[in-house]
Structure formats: structure tokens, C-alpha cells
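Q: Give me a 3D structure for the following:
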Amino acid sequence: RRSFDFGKTWGEIQKPANMVGDGKCSGGHDYAGFGDPCIVADRESDRVMILSCAGYPGFFSCTRQQHQRCARWYSDDAGETWTGPVFIDNPYVFEPLDSSPLGPGQGMFFGSGKIHQSRFVKVGQYYRLYAANSVNTNNGCMNFVLYSDDFGESWQFLGGNKVSPIPPSGDEPKCEELPNGNVLITSRCSGGRNINIFKFTNMEKATGSWGSKTFSGASNNGIKASSNACNGETLVIPVVRKADGVKTWLIMQSVPTGTTRANVSIFYKDLEKTTSYSTCANLAKDWTGYHQSSLSSSGYSTMCVQGNKHIAFFYEENSKNDGYDMVYKDYTVEDITDSLYTYDLEADPAIPDIPFHVNEVTPASGTVEEISTLTVTFNKPVTDCMKSVDLTADGVRGTCDFQENVLTITLDEPITAPSPSPREPPSMPTARAVTPSLSPIASGPRTCSPSCPPPPNSPTSATTRPMPSTTPTSPPTPPTTRTRAPRPSGLPV
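A: Residues are numbered from 1 along each chain as shown. Below is the predicted model:
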């Protein structure tokens with residue numbers, strides 16, 4: 001499902017045919033089914049990538065010859081349509097591990113939920129991706145972090161293929177960047193999380209080394225997950241401490257806190273002092289507090305920052321014979337921290353709305369000499385504001401019909417383009433979301449009229465947060481325009 005208003009409303013469930021397995025559970029069959037997806041949306045474009053477990057046999061029943069696969073899908077229209085699957089496990093995981101003392105690999109999967117896109121490192125067209133996986137080997141289950149500088153087309157082992165940051169037992173993992181750009185991995189375990197930190201010697205070239213696996217739990221006042229082991233999410237965000245106005249960073253980790261899978265909660269820790277995350281032992285201990293999201297049975301969870309800088313929290317709740325309910329919650333930082341912190345909007349400005357833009361106009365310019373019908377595909381469902389379109393600049397009238405994000409314009413009289421150069425199709429307004437002062441327009445076909453003027457052009461360049469400095473600086477001046485490219489909020493279902 002997709003949301004274009006920061007989770008207030010959601011579209012219909014999308015079930016692309018190329019993401020549906022055939023249910024044939026025979027050895028070595030890659031298309032038996034797909035599950036446990038993880039997702040990332042590029043901050044500077046409409047490109048989205050999903051990685052997913054695929055095929056049969058399952059994780060614990062694999063051999064090197066017949067193993068669970070990893071499928072990749074891409075969308076270049078913000079999740080409306082998808083291409084794939086392409087299987088990426090052999091060239092980027094299993095074959096490299098064949099030459100490692102830790103191999104050979106058998107089953108593998110990436111931790112479901114959020115793939116992290118770097119705040120600091122951009123190589124070529126894209127900011128770097130980090131994704132953590134678990135590999136079933138002859139030496140037990142081990143975690144690795146892979147990175148990609150081409151938005152998932154190819155992958156490399158962070159720290160090489162001969163070192164596991166969470167060696168046996170490396171369970172369902174997540175990864176994030178710390179405020180200094182070093183990479184954190186946290187891994188599911190009973191009673192809390194196992195963590196490790198990769199410290200860069202050269203961030204752009206991805207060289208450096210892993211520390212030592214460290215436990216965070218009740219024994220060091222860390223992430224207290226009682227006796228259960230469950231998947232959860234890790235997130236690092238810029239915040240302002242409300243008591244003294246100090247700009248700092250907050251790390252959050254979600255886990256169930258019940259003795260069984262119940263009472264999903266979000267733990268958090270203030271990272272103002274660099275010593276609080278300079279070593280694995282320091283990061284693992286003395287977490288600030290937690291917020292309990294669920295009061296009942298609850299399991300896996302994930303979270304990300306929405307464009308309005310609220311936290312989108314998505315988790316399983318109310319265990320039943322056929323699974324769980326899937327719950328989305330829209331949190332502010334105040335909700336999670338009992339108003340101790342607020343999101344730092346100077347460091348990372350909010351997006352006030354998600355503007356409309358035209359994805360495609362059919363027929364395209366220069367393809368016909370006479371135009372009687374235009375089909376315009378927008379980036380999101382059409383609001384009431386868009387249900388009256390200005391064609392009067394071209395001296396024509398027509399009838400508009402809307403279906404979700406597709407507008408069909410049937411002109412009263414065809415537009416005849418002079419030969420040999422066909423005329424451009426009528427320009428479409430780049431309208432934005434309806435405001436409360438606009439009245440709804442009745443459903444059904446509409447006559448086009450100039451009742452909804454286009455807004456100013458919205459910028460498309462992106463900004464990233466700079467590396468933190470040890471030298472105090474004056475607070476930056478809040479920007480007056482949004483500079484981060486729009487993208488849909490929401491998480492995979």
C-alpha cells in the first residue's frame with residue numbers, strides 16, 4: 001500500500017503479478033514464494049528497491065547447491081509499477097563466500113524492514129546503501145553488512161568476506177549510520193540485541209574494520225527485551241533536547257519487551273557525547289528510556305522517517321491462527337520520548353506536502369499531427385483540486401475523466417498540428433494537494449475549466465546532513481523552501 005499524505009490515508013493493496021509465487025515447493029525452485037521484504041526509496045528520485053527472500057527450500061533446509069534465493073525488484077515511479085525479480089544472491093553473497101574461511105554459504109536473507117541509505121556518502125548518481133543479512137553456513141548463522149554504490153545493482157561486503165561482525169549466532173539484523181558516519185549493525189538475540197560498529201579509515205572507499213560483538217540488555221541498562229528474541233528496527237535521527245535546546249542525535253531500537261512476543265516497544269538513547277558511541281561497549285549501555293507501542297501480543301517491527309519528520313512505525317500485533325494484524329502508527333519524536341526531544345527541523349527540514357507532477361502524457365509530443373484524446377498520468381491519485389483542468393490557453397474545450405492517478409481528456413474538437421512539425425500537446429498544470437478552503441467537486445466526468453491555477457514549481461535537488469564537527473558552530477538558518485525530492489511515505493506490507 002502507498003500513502004501520499006504521510007499515512008493519513010492509504011491506497012488499495014497492490015499485489016503485482018511478478019511478486020506472487022506459484023506455491024510449487026520443490027527443491028531448487030526459485031519462484032515458490034516471496035517474503036520478508038526490505039525496502040528503500042531513493043531520496044533524490046522516484047526509484048524504489050525491494051529485496052526479498054525467494055524460492056524453496058527455506059533458510060534452514062538449504063545446501064550450497066539448492067538454497068533460498070534473494071530477489072530484487074525496482075520501481076521508477078515511486079512504487080506504482082515494478083520490474084523483476086532478479087536474483088542477486090549468487091554473485092554477491094554465495095560466490096564471494098566460496099573463497100572465504102567462513103563459507104560456504106547455504107541459506108541467506110536480508111533483515112526485513114528498512115534498507116539504510118547513507119546521509120554522508122554519494123558515489124556517482126546515488127547515495128550509498130547499507131543492508132544487513134544473515135547467512136547460514138557450515139560454521140553456523142552469521143551476519144554481514146553489504147553496501148552498494150549503484151542503488152542495489154551490485155554489492156560488496158563491508159569489511160570484506162572473511163570477517164563477520166556478528167558471528168554465530170547471527171540472527172535477523174538491521175544496520176544504520178551513527179552520527180560520525182560509522183556503520184552500526186544490531187542483531188536479534190534473546191533478552192536484547194547484539195551490536196557491532198564498523199569504523200571507517202576511508203569512508204568513500206569503504207575501508208576500515210569491525211569491532212567486537214557486544215550484547216545490549218538489562219545487564220548493562222541497554223535494550224531490555226526480556227527473554228524473547230525477535231526482529232526489530234534501528235533508526236538514528238537528529239533531534240533537539242527540549243530541556244536545554246541542545247542539538248543532538250537519538251538512536252532508537254524497537255523490540256518486544258514481554259516474556260513472549262508481546263509489548264513491542266521503542267528504546268532510545270541520546271548520542272550527544274561522541275564517547276556514547278565511540279565503542280561497542282559504550283553504545284550498548286545506558287539507554288535513556290523507552291516507549292511501549294503495544295499492550296498485547298506483538299512481534300516484528302520496522303520504522304522510518306516520513307517527509308513531515310514524523311516516525312512511521314509499522315508492526316505486527318494481535319497474534320491469531322492466521323497471523324497478525326499489521327499496524328501503522330504515526331509518531332512524533334515527542335510521542336516516543338515523553339516530550340524530552342523534538343525533531344531537529346533545521347538540520348533536516350520537513351516536507352509540507354507532496355506536490356503533483358506529471359509522469360507521462362500520451363500521445364507524447366511529436367508523435368501525431370491531430371490530437372483528440374490525451375491521457376495524463378500523475379505521480380499520485382488526483383485530488384479534488386485537480387479535477388478541473390485549465391485548457392483555455394490552447395483555445396480548446398474538453399471533457400475530463402479521472403480514475404485514480406490517470407486523467408483522460410477528450411477534446412471537443414481535435415487539435416490539428418501544422419505539418420511537418422506536430423504541435424505540442426496542451427500543457428498540464430503542476431497542481432498540488434487540495435487545501436481545506438477548496439470545495440469538493442462532484443464525481444463523474446467533468447468539463448475542463450480554469451478553476452485551479454498551478455502552484456510555483458517545486459525544487460527537485462536534494463540536501464544531505466553534513467558530518468558532525470567537533471568545533472561548535474552557529475545554528476544554520478532554516479531554509480525557506482523544501483529542497484528534498486518528494487517521495488511517498490509508508491512501509492512495505
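
Q: For the rest of this, base every contact and every neighbour count on C-alpha atoms.
A: OK.

Q: for the residue nearest to Gly79 when sequence neighbours are not counted, what are its contacts?
A: Leaving out its chain neighbours, the residue that sits closest to Gly79 by Cα to Cα, 6 or more residues apart in numbering is Val48, at 6.5 Å. Contact analysis of Val48 by Cα atoms under 8 Å, 6 or more residues apart in numbering lists 39-42, 74-79.

Q: out of those, which one sits closest to Asp5?
A: Nearest to Asp5 out of the contacts of Val48 is Ala78 (Cα to Cα; 14.0 Å).

Q: thinking that closest one is in contact with Arg47, fair?
A: Yes. Using Cα atoms under 8 Å, Ala78 is in contact with Arg47, at 6.0 Å.

Q: shared neighbours of these two, anything?
A: With Cα under 8 Å, 6+ apart as the test, Ala78 and Arg47 both reach Ala41.

Q: quick one, which of these two is more surrounded?
A: Ala78 (22 against 17; other Cα atoms under 10 Å).

Q: Now the more buried one: closest residue in space, sequence neighbours ignored.
A: For Ala78, the closest residue by Cα to Cα, 6+ apart turns out to be Asp46, at 4.6 Å.

Q: What count of nearby residues applies to that neighbour?
A: Neighbours of Asp46 (other Cα under 10 Å): 18.

Q: Out of the helices and strands in this structure, which is least certain?
A: Ranked by mean pLDDT, DSSP states H and E, the weakest helix or strand in the chain is strand 446-447, scoring a mean of 28.

Q: And the helices in the chain, which stretches?
A: 89, 95-98, 280-284, 333-337 (DSSP state H).

Q: same question for stretch 295-303, mean pLDDT?
A: Averaged over stretch 295-303, pLDDT sits at 95.

Q: And the contacts of it?
A: The contact list for stretch 295-303 (Cα under 8 Å, 6+ apart) reads 113-114, 230-235, 254-256, 260-264, 311-319, 324, 491.

Q: what about burial for those, which qualify?
A: 113-114, 230-235, 254-256, 260-264, 311-318, 324, 491 (16 or more other Cα atoms under 10 Å).

Q: Return the subset of these lying in strands.
A: Here DSSP state E is the test, and the buried ones among the contacts of stretch 295-303 give 113-114, 234-235, 254-256, 264, 311-318, 324 as lying in strands.

Q: okay, the closest residue to Arg64 other than its chain neighbours: pLDDT?
A: Excluding the flanking residues, the one nearest Arg64 by Cα to Cα, 6+ apart is Gln106, at 4.7 Å. We have a pLDDT of 86 for Gln106.

Q: Ok, Asp77 next?
A: 93.

Q: Could you report the separation of it from Pro165?
A: Distance of Asp77 to Pro165, computed by Cα to Cα, to the nearest Å: 36 Å.

Q: Neighbour count for these two, which is higher?
A: Just comparing Asp77 and Pro165: by other Cα under 10 Å the higher neighbour count belongs to Pro165, 27 against 17.

Q: Let me see the contact set for that one.
A: Counted by Cα under 8 Å, 6+ apart, Pro165 has contacts 143-144, 185, 196-197, 210-213.

Q: residue ranges with poor pLDDT in the stretch 301-450 of the chain?
A: Segments of the stretch 301-450 of the chain classed as low confidence (criterion: pLDDT under 70) are 352-359, 364-369, 379-396, 415-450.
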